[in-house]
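J.: any chance you could fold what I've pasted below:
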Amino acid sequence: MEDRQAIEQFLLTGTEEAFCDLFLLVYPKVRRYFLLRGADAMTAEDLAQNVMLVVHRKAGDLRERDLFHGWVFKVAKHELSRYWRRQAGSGTVEFEPLSGELAARLTAEPDVADDSRLVGWLSGLEAAEREIVILRFVEGLSYEELAVALALPLGTVKWRLFNAKRKLARAIRADSRLPSGERQFRGFL
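T.: Below is the predicted model of the structure:
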């Protein structure tokens, strides 16, 4: 079943069967989002389940169905923020995005990253840039969905994405591991 079809079915009927179909499509994307943001596999699963619980309970409040994915990732972003605040309060967590340990985990997760080069390229971005790139190019959110997920005006989303893509393009062109024909990545820009 397609994402849009599953979303519509759940939003129209609200049945458990429709939610199961939606869960199977959306949960892996939300889990991947948490993994790419530095959560370990167990934490990513817990946080993704929390997000899906909110989706189940609050989807009826959604005003614009076309922005469903943006709303889901906004919920995910808030869940991750709450998690970091709880961890910071306990004094037990030091978060270092895209560390060597994270790079190893990402390459071991087949649904997260097909290539360790992605991790290297993303590590050159600031956290906000990394987030917008992941949501746009890994999760496939539209500009409008990004605006909802990040609680930013559409123009700001476009500007931030443009700047992040410029930085990524420089990193990709400079990557000596790429054959010369691949250095342009015309489809990316």
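J.: tell me which element the residue positioned nearest the centre of the chain falls in.
T.: In the chain, the centroid-proximal residue (CA atoms, centre = their mean) is residue 33; its distance is 3.6 Å. Element membership for residue 33 (DSSP states H and E) is helix 16-36.
J.: again, but for residue 122
T.: Judged by DSSP H and E, residue 122 forms part of helix 116-123.
J.: which strands or helices does that helix pack on?
T.: When contacts are defined as 3 or more CB pairs under 8 Å, 6 or more residues apart in numbering; DSSP states H and E, helix 116-123 packs onto helix 100-108, helix 154-174. C-beta here means a position set from N, CA and C on the backbone, and glycine is covered the same way.
J.: count of neighbours near residue 173?
T.: 11 (other CB atoms under 10 Å).
J.: for this structure, give me the ranges with low pLDDT.
T.: Counting by pLDDT under 70, the chain has low-confidence residues at 1, 90-117, 176-189.
J.: which residues does stretch 125-144 contact?
T.: For stretch 125-144, the surrounding residues in contact (CB atoms under 8 Å, 6 or more residues apart in numbering) are 29, 32-33, 36-37, 66-67, 69-70, 73, 77, 97-98, 122, 145-146, 149-150, 154, 157-158, 160-161, 163-165, 167-168, 188.
J.: first-to-last residue distance for that stretch?
T.: 22 Å (CA to CA, to the nearest Å).
J.: chain center to it: distance?
T.: Centroid displacement of stretch 125-144 relative to its chain, using CA atoms, centre = their mean, to the nearest Å, is 7 Å.
J.: returning to what we had before: the contacts of stretch 125-144, buried ones only, as a PyMOL selection?
T.: Buried subset of the contacts of stretch 125-144, written as a PyMOL selection, criterion 16 or more other CB atoms under 10 Å:
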select buried, resi 29+32+33+36+37+67+69+70+73+77+98+122+145+146+149+150+157+160+161+164+165+168
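J.: buried sites along the one helix or strand residue 88 maps to?
T.: Following DSSP H and E, one finds residue 88 within helix 68-90. Going by neighbour count (16+ other CB under 10 Å), the buried part of helix 68-90 is 68-77, 79-80, 83.
J.: could you list every helix and strand in contact with that helix?
T.: Helix 68-90 packs on helix 3-13, helix 16-36, helix 41-58, helix 143-150, going by 3+ CB pairs under 8 Å, 6+ apart.
J.: contacting residues for the nearest residue to residue 30 once chain neighbours are set aside?
T.: Nearest residue to residue 30 in three dimensions, chain neighbours excluded: residue 48, at 4.3 Å (CB to CB, 6 or more residues apart in numbering). Contacts for residue 48 (CB under 8 Å, 6+ apart) come out as 27, 30, 31, 33, 34, 76.
J.: right, I'll call it a day here.
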